[in-house]
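Undergrad: No sequence on hand, only this structure:
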Ligand SMILES: Nc1ncnc2c1ncn2[C@@H]1O[C@H](COP(=O)(O)OP(=O)(O)OP(=O)(O)O)[C@@H](O)[C@H]1O
């Protein structure tokens, strides 16, 4: 696995700068400055409603910041004019930037009317311009990687939640993104399916060079696979560091409170 301090001298892949976000009168993110380096595996933890998903959705351009800028691979997601107003990037620019990012959500978002194979071929053909044959070969390779080569011709409804989530991962991976976002990908799953999905993410983290941003409530997992852990609360990054430092010697009271609540909860389950 790649270690955080191997990256810090290089140029970040993702740069959040002075990010603020309001929904109406409610401020949900304030003054976020945050980098992700190429190949770095970052876990983001924090209480419900602290703004983790909103931050990730911004990277996919599904949400716009009210303040600040985001760069991916040296390209701004949106430009601001001299008055600070956000200017829409043109479609081809957005496609280029978004092509570097893969996302797996809590809900799998597979196309229900398409077979598993076609679910994974579709964007390769229409976005990357691969031939159907190339797309099929790549799809089969990725389905083998997530342990579902025998499900090519099944439809999503014929698969378990854990299997559908593994298909969603294969679909994101096949696009060869520079960064993969995983947003609470196990929280909609039955407990017995969680481990199979975490196992696939663990493998991806160990084998793939792409960066990862993993939003999770699975503390042991975050500790296990991340190069760096970021703790968010009330729309701010409270603290970040190597997993052993953040989990064993948190610097802030809020981090301590959160982690102790969590360990108390897991003991009582
Ligand atoms: N579209 C929206 N309109 C209004 N408020 C929103 C919207 N999306 C998110 N919020 C609010 O923004 C805050 C941050 O939400 P967000 O989903 O980013 O938190 P989170 O840390 O990912 O939470 P969780 O761990 O529960 O997923 C919450 O108070 C949420 O209610």
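TA: Done, it's in. None of the values given here were measured: they were computed from a predicted structure.

Undergrad: Isn't residue 193 up against residue 164?
TA: No: at 9.7 Å, residue 193 does not count as touching residue 164 under the criterion of C-beta atoms under 8 Å. In short, each C-beta sits where N, CA and C put it, glycine included.

Undergrad: Are we agreed that residue 223 is in a helix?
TA: Yes: assigned with DSSP: H, G, I helix; E, B strand; the rest coil, residue 223 falls within a helix.

Undergrad: show me the contacts for it.
TA: 43, 229, 243, 244, 247 (C-beta atoms under 8 Å, 6 or more residues apart in numbering).

Undergrad: Could you verify my assumption that the second one touches residue 222?
TA: Yes: distance between residue 229 and residue 222: 5.7 Å, which falls inside the contact criterion (C-beta under 8 Å).

Undergrad: hmm, back to that, more neighbours, residue 193 and residue 164?
TA: A count of neighbours by other C-beta atoms under 10 Å puts residue 164 above the other of residue 193 and residue 164, at 25 against 18.

Undergrad: Tell me where the stretch 1-150 of the chain has helices.
TA: 52-59, 91-98, 116-126, 132-145 (DSSP state H, counting those that start in this stretch).

Undergrad: Please work out which of those helices is packed deepest.
TA: Highest mean neighbour count among the helices of the stretch 1-150 of the chain (mean count of other C-beta atoms under 10 Å): helix 52-59, with a mean of 22.

Undergrad: Spatially nearest residue to the single nearest residue of the stretch 101-250 of the chain relative to the ligand, not counting backbone neighbours?
TA: Per C-beta to the nearest ligand atom, residue 184 is where the stretch 101-250 of the chain lies closest to the ligand, at 5.9 Å. Closest residue to residue 184 apart from its sequence neighbours, by C-beta to C-beta, 6 or more residues apart in numbering: residue 106 at 4.8 Å.

Undergrad: now do residue 224
TA: Excluding its sequence neighbours, the residue lying closest to residue 224 (C-beta to C-beta, 6+ apart) is residue 202, at 7.3 Å.

Undergrad: thinking again about what came up before, and for residue 229 and residue 222, which residues touch both?
TA: 43, 45, 243.

Undergrad: What's the local residue count around the second one?
TA: So the one you mean is residue 45. Residue 45, neighbours per other C-beta under 10 Å, totals 26.

Undergrad: all numbers from here: first residue = 665
TA: With 665 as the first residue, the last one maps to residue 709.

Undergrad: Model confidence score at it, please.
TA: With respect to pLDDT, residue 709 has a value of 96.

Undergrad: Would you confirm that it contacts residue 897?
TA: No: counting by C-beta under 8 Å, residue 709 does not reach residue 897; the two are 9.7 Å apart.

Undergrad: what is in contact with these two at once?
TA: residue 922.

Undergrad: need the contact list for residue 709.
TA: Residue 709 makes contacts with 716, 879, 880, 881, 883, 886, 893, 894, 895, 896, 922, as judged by C-beta under 8 Å, 6+ apart.

Undergrad: again with residue 811
TA: Listed by C-beta under 8 Å, 6+ apart, the contact set of residue 811 reads 830, 864.

Undergrad: quick one, phi/psi of the spatially most central residue of the chain?
TA: Centroid-nearest residue in the chain, with C-alpha atoms, centre = their mean: residue 845, separated by 1.3 Å. Main-chain torsions, residue 845, degrees, to the nearest 10: phi -100, psi 130.

Undergrad: All set, thanks.
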